[in-house]
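In: 3D, please:
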Amino acid sequence: MTAADVTPNRRRGGDIRVLLSPKTVKSTSGFMGELTLEPGEFVSEHRHPYSEEFLYVVRGSVLMRIEGESVRLGPGDSLMVPINDRHRLENDGAEQAFAVFHLSPLAPRPDLGHVDTEPLPHPGEVAPKVG
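Out: Next up is the predicted model:
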């Protein structure tokens with residue numbers, strides 16, 4: 001599977017592409033994908049009641065807010081968002097940012113895996129199908 005095979009999802013902000021998931025490869029322990037954020041774009045605040053989220057920044061600079069605390073990340077930086085912590089990611093720089101993410105373990109059902117805590121930038125767009 002390549003990123004070009006996946007329709008980008010912009011519902012929560014940025015260009016999010018879930019690449020490996022229960023739906024795409026029948027994974028049972030988590031899912032991974034990539035995120036592209038143009039300058040000024042963000043992924044709206046949310047939380048994962050069952051999953052930790054791992055993020056690795058490949059290029060650009062992003063600001064991650066976890067439970068209200070800000071963490072600046074640049075190329076080669078990584079972090080983990082603990083289960084159920086509210087988090088928001090934004091590109092407040094002048095260059096495109098690109099990151100890889102992984103969430104694990106899976107929620108018991110896909111509809112339980114993600115809770116939005118901020119209005120979505122593109123609420124009319126269909127949510128990604130992970131499971």
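In: In contact with L112, which residues?
Out: Neighbouring residues of L112 by C-beta atoms under 8 Å, 6 or more residues apart in numbering: 49-50. Where C-beta positions appear, they are placed from N, C-alpha and C, glycine not excepted.
In: Equivalent analysis for the one 4 residues further on, please.
Out: When the contact criterion is C-beta under 8 Å, 6+ apart, the partners of D116 are 12, 44-46.
In: run the last query once more with 10 Å
Out: 11-12, 44-47, 123, 127 (C-beta atoms under 10 Å, 6 or more residues apart in numbering).
In: swap in L79?
Out: Listed by C-beta under 10 Å, 6+ apart, the contact set of L79 reads 53-57, 64, 66, 71, 73, 87.
In: among the helices and strands of the chain, which has the poorest mean pLDDT?
Out: Among the helices and strands of the chain, helix 22-25 carries the lowest confidence by mean pLDDT, DSSP states H and E, at a mean of 92.
In: by contact count, what packs against that helix?
Out: Under the contact definition 3 or more C-beta pairs under 10 Å, 6 or more residues apart in numbering; DSSP states H and E, helix 22-25 sits against strand 31-37.
In: so what strands line up beside the strand it packs on?
Out: Sheet partners assigned to strand 31-37 using DSSP bridges are listed as strand 15-20 (antiparallel), strand 97-104 (antiparallel).
In: Run a quick neighbour tally on the nearest residue to A97 once chain neighbours are set aside.
Out: Take A97 and drop its neighbours on the chain: the residue closest to it by C-beta to C-beta, 6 or more residues apart in numbering is G60, 2.9 Å away. Using other C-beta atoms under 10 Å, G60 has 20 neighbouring residues.
In: do you know how far G60 is from K129?
Out: From G60 over to K129 the distance is 27 Å, taken as C-beta to C-beta, to the nearest Å.
In: what does L35 give?
Out: L35 sits 17 Å away from K129, going by C-beta to C-beta.
In: So for those two, which residue has more residues nearby?
Out: Taking neighbours as other C-beta under 10 Å, L35 and K129 compare with L35 leading, 25 against 13.
In: where does that one sit relative to L20, distance-wise?
Out: For L35 relative to L20 (C-beta to C-beta), the value is 14 Å.
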